[in-house]
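In: dropping the sequence and predicted coords here.
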Amino acid sequence: MNLHLAVHMKEKKKLGFALGIALPLMLALFAKYISAFPFLCIMGQLVIAILLGMIWRATLGIPSYLTHGISFTSKKLLRYGIILLGMRLSLKDILQAGPKVLLIALVCIGFTFCTVLVLARLFKVENRLGLLTACGTAICGAAAVVAIAPQLKASDEETAISAATVAILGTIFTLMYTLLYPFINLTPLGYGIFSGATLHEIAHVIAATGPAGKQAVDLAVIVKLTRVTMLVPIAVIIGIWANRKERQANLETGRSRLKSIPVPWFILGFLLMSTVNTLQIIPEAITDKLILAAYFLIAMAMAGLGLNVDLAAFRRMGLKAFGAGLIGSVLLSGLGFLLVKVLNLCY
């Protein structure tokens, strides 16, 4: 009898795990479908996926037996998606873009990261939440948040709130850029550099620069990917910093056991796949399919993160982080526009 019960429980656990993966899969597929509609295409698949997850939890709730599968989706599948996303990056294109493009990317990242972090502390945002929001706003949106969260040992709730914050902000600014483009007195290429240096997600960059033409889109993506490359060193630095703080805390409490510096294997995988793409080892047709797979895995992870967001917790913890990210994004846009003018990139 006990053996029969144990087998039944094991089968139920497996079923719950499978259903916990199936739910984010379904939400990601629906996000992919509706992201092709007007206006929703500006939001992009990743933003829609996390919003769908939040709406599902708020309206229908999440049974406890699904949590293991959802957690697997928002953590493990996410890392595989980030690794494959490296196929989007060509290190050769970044080098060919020139030193001014690299300079504008570095200045925008450094300025935005520090600004949002300072604002988060002024607004009394929890440390990890503030740091994740700063990384997402400065580097590459929700992908940066979920890539750096393990280095900080951030909770699923903190990760989801930060990812949702920068995803929503990116969508708002994409809409604003699209509306303001005819009035900001930038050439298509200058506008491409401006958008790539200041918008949060690659999907946002593509959507915002679409009205300016293919050359603007291509240049914007290169500038954006220059920012994405900074994800690797920043993730490593944050991992070393977080580990140092933990060692100090252990020493203060009398625990002298040293831990090794955490190796972000998925970030190293991202860099490896970027190298593979740069060397053009894999045919372009297969590369395109791998990039689509990367975005879909990340969309599943975003849906999983959304399913972990309690709206009451978002109102309690996320509004201040949203305020810090909003002000930081406004200042980033102003700085990016100024740099494009000062560096004479309006060609």
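Out: Looks like it came in fine. A quick note: this is a predicted structure, and the numbers were derived from the prediction, not measured.
In: with adjacent residues omitted, what lies nearest to residue 320?
Out: residue 123 (4.3 Å; CB to CB, 6 or more residues apart in numbering). Heads up, the C-betas are built off the backbone N, CA and C, glycines and all.
In: so the one you found sits against residue 324, correct?
Out: Yes. Checked against CB atoms under 8 Å, the pair residue 123 and residue 324 is within contact range at 5.5 Å.
In: looking at these two, which one has more neighbours?
Out: Comparing residue 123 with residue 324 by other CB atoms under 10 Å, the one with more neighbours is residue 324, at 26 against 15.
In: could I get the contacting residues of that one?
Out: Residue 324 makes contact with 116, 119, 120, 122, 123, 125, 130, 133, 134, according to CB atoms under 8 Å, 6 or more residues apart in numbering.
In: restricted to helices, list the residues you listed.
Out: Those of those mapping onto helices are 116, 119, 120, 122, 130, 133, 134, per DSSP state H.
In: who wins on neighbours among these?
Out: Counting by other CB under 10 Å, top hit in those: residue 133 with 31 neighbours.
In: where do the helices sit along the stretch 51-200 of the chain?
Out: 67-72, 78-85, 91-96, 99-122, 127-138, 142-152, 156-180, 188-198 (DSSP state H, counting those that start in this stretch).
In: elements contacting the last one?
Out: With contacts defined as 3 or more CB pairs under 8 Å, 6 or more residues apart in numbering; DSSP states H and E, helix 188-198 has these neighbours: helix 99-122, helix 202-209, helix 214-229, helix 319-342.
In: how close does the nearest residue to residue 307 once chain neighbours are set aside sit to residue 33?
Out: Spatial nearest neighbour of residue 307, chain neighbours left out: residue 53 (4.3 Å); criterion: CB to CB, 6+ apart. Counting by CB to CB, to the nearest Å, the separation of residue 53 from residue 33 is 16 Å.
In: check residue 43 too.
Out: Distance from residue 43 to residue 33, by CB to CB: 13 Å.
In: between the two, which has more neighbouring residues?
Out: Neighbour count, other CB under 10 Å: between residue 43 and residue 33, residue 43 has more, with 26 against 12.
In: isn't that one right up against residue 35?
Out: Yes. When contacts are counted by CB under 8 Å, residue 43 is listed as touching residue 35 (6.9 Å).
In: in the chain, which helix or strand is least confident?
Out: helix 231-252 (a mean of 70; mean pLDDT, DSSP states H and E).
In: contacts only, for the residue lying closest to residue 30 once chain neighbours are set aside.
Out: Nearest non-adjacent residue to residue 30, counting by CB to CB, 6+ apart: residue 52, 6.5 Å away. Residues counted as contacts of residue 52 (CB under 8 Å, 6+ apart) are 27, 30, 31, 303, 306.
In: which of those has the most neighbours?
Out: That'd be residue 303 among those, by other CB under 10 Å, with 31 neighbours.
In: quick one: end-to-end length of stretch 61-77, please.
Out: 22 Å (CA to CA, to the nearest Å).
In: quick one: buried residues of it?
Out: By 16 or more other CB atoms under 10 Å, the buried positions in stretch 61-77 come out as 66, 67, 69, 70, 71, 72, 73, 74, 75, 77.
In: residue 155: neighbour count?
Out: When neighbours are counted by other CB under 10 Å, residue 155 registers 14.
In: and for the one 4 residues further on?
Out: By other CB under 10 Å, 27 other residues sit near residue 159.
In: now, of the helices and strands packed on helix 188-198, which is deepest in the fold?
Out: helix 202-209 (a mean of 26; mean count of other CB atoms under 10 Å).
In: angle of that helix against helix 156-180?
Out: Relative orientation of helix 202-209 versus helix 156-180 (axes from the mean of the first three to the mean of the last three CA atoms, to 10 degrees): 10 degrees.
In: and helix 202-209, what does it pack against?
Out: So helix 202-209, by 3+ CB pairs under 8 Å, 6+ apart, packs with helix 40-60, helix 156-180, helix 188-198, helix 214-229.
In: wait, what's in contact with the residue nearest to residue 307?
Out: For residue 53, the contacting residues are 24, 27, 302, 303, 304, 305, 306, 307, 308, 309, by CB under 8 Å, 6+ apart.
In: tell me the spacing between it and residue 82.
Out: For residue 53, the distance to residue 82 - CB to CB - is 18 Å.
In: equivalent analysis for residue 97, please.
Out: Going from residue 97 to residue 82 by CB to CB gives 23 Å.
In: of those two, who's got more company?
Out: residue 82 (24 against 19).
In: contacting residues for that one?
Out: 143, 146, 147, 266, 267, 269, 270, 294, 298.
In: does the fourth one really touch residue 79, like I thought?
Out: Yes. With contact defined as CB under 8 Å, residue 266 counts as touching residue 79 (3.8 Å).
In: now for residue 309, how many residues are close by?
Out: Residue 309 - counted by other CB under 10 Å - has 24 other residues nearby.
In: so for the residue lying closest to it once chain neighbours are set aside, what's the pLDDT?
Out: Among residues not flanking residue 309 along the chain, residue 160 sits closest, at 4.4 Å (CB to CB, 6+ apart). pLDDT recorded at residue 160 is 82.
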